[in-house]
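Undergrad: okay, sequence plus prediction incoming.
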Amino acid sequence: MNDQLERLFADLRSETMATIMPPGVDAARTTVRRRRMRRTAVGAGLAVLLASGVGLGVAKPLRPAPPAQPGTPLSLDARKSLALDAARAIRLNSWPQVTGGTITDDVSVGLQVIPREYDFVAACVGDTGTVDLSAGDTHLSLPCARNPVQQKVRVTFTGERHQILVGAHADRAAAGRVGVAWALNISSEEMTRMQTEAGQLVGENASTSWLEVGDGEEDDTARAGVYRITIACVGTGSVRARVGNTQLTPSAKPLKTYDQPCDGTVGRFDVTMPAGTKLGTFEVRASEDARNRAAVGYRVERI
């Protein structure tokens, strides 16, 4: 190696001395041409080295990451515990969420929906992986984590009341190692629209309510006489109207009951308040499938 360096320096010195004192213009032009050629040769040499990656530390392309490998499946009890954590993350058992559930395996369940606007919400609890959750043609991609972020999408179903499938499919990393919770709730904006629709069906002076369990009112101006109740319900299920008074009829034995389907039709019935009435009562009770899925409008008037 030392001998090679000595020869290189010797050549460099001889070339340099030749170019420092050139005899005349022709020699100067020759010197310029030599320098240009030398620079070109050096540039070409670098280009070859960069292209080949020899000795310059050029990073090689990274290999694509291998697909996630499945882990050891957890016990059913462990997956149920994770699903309960997911249920808490989306407040599954809190109003107004009543249509939903938990999932611990790749499954599909049938669900009846009415043509309304919904919020589809879900979460996945686990160490890793992703779950694809679908409601009909709408999909949610759920990244699984110990402290999951609730995923939400707005979806509208049209046409008549019909059945959809809610299904879950876990990737290889999440399979058998996560718990999922989901809910399909009528949106707050749709609740308002349904109450407005029920009130319009009843007409002037209508009271409206979103049906959670039951709703009603007491009227301390009610006296003996005949009253007419107009009622309409929008959504699904039915409501039961009950009319009475606190003096003569306990809550369990109203003066009159009336069932109204939540199909957008209008019903009317009359009831007679007996002599001695000082506090009239009117209430509506939602059927199981009308709770948080229907709105009622009603009017009580003396005739």
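TA: Perfect, thanks for sending it. Numbers count the residues shown, from 1 in each chain.

Undergrad: show me where this protein has strands.
TA: Counting by DSSP state E, the chain has these strands, from start to end: 100-103, 108-113, 117-125, 130-135, 138-143, 151-156, 162-170, 179-186, 207-210, 214-219, 225-245, 256-273, 280-286, 295-302.

Undergrad: quickly, which of those bottoms out on average pLDDT?
TA: Across these, strand 214-219 has the smallest mean pLDDT, namely a mean of 58.

Undergrad: next one: the nearest residue in space to Arg161 that is not next to it in sequence from Met191, what distance?
TA: Nearest non-adjacent residue to Arg161, counting by CB to CB, 6 or more residues apart in numbering: Ile114, 4.9 Å away. For the C-beta atoms, the positions are set from N, CA and C on the backbone; glycine is no exception. Distance of Ile114 to Met191, given as CB to CB, to the nearest Å: 13 Å.

Undergrad: could you do Arg91 as well?
TA: Separation of Arg91 from Met191 (CB to CB) stands at 17 Å.

Undergrad: so these two - more neighbours on which side?
TA: Between Arg91 and Met191, counting by other CB atoms under 10 Å, Met191 is the more crowded of the two (21 against 14).

Undergrad: the more buried one contacts Ser209, doesn't it?
TA: No. Counting by CB atoms under 8 Å, Met191 does not reach Ser209; the two are 10.4 Å apart.

Undergrad: shared neighbours, the two?
TA: Contact criterion CB atoms under 8 Å, 6 or more residues apart in numbering; residues shared by Met191 and Ser209: Ala295.

Undergrad: in stretch 107-114, what's buried?
TA: Going by neighbour count (16 or more other CB atoms under 10 Å), the buried part of stretch 107-114 is Leu111, Val113, Ile114.

Undergrad: which residue ranges make up the domains of this structure?
TA: By the assignment in automatic domain parsing, the chain contains the domains 2-52, 76-186, 189-302.

Undergrad: who touches Asp259 in this structure?
TA: Applying CB under 8 Å, 6+ apart, the residues near Asp259 are Ser238, Val239, Arg240, Ala241.
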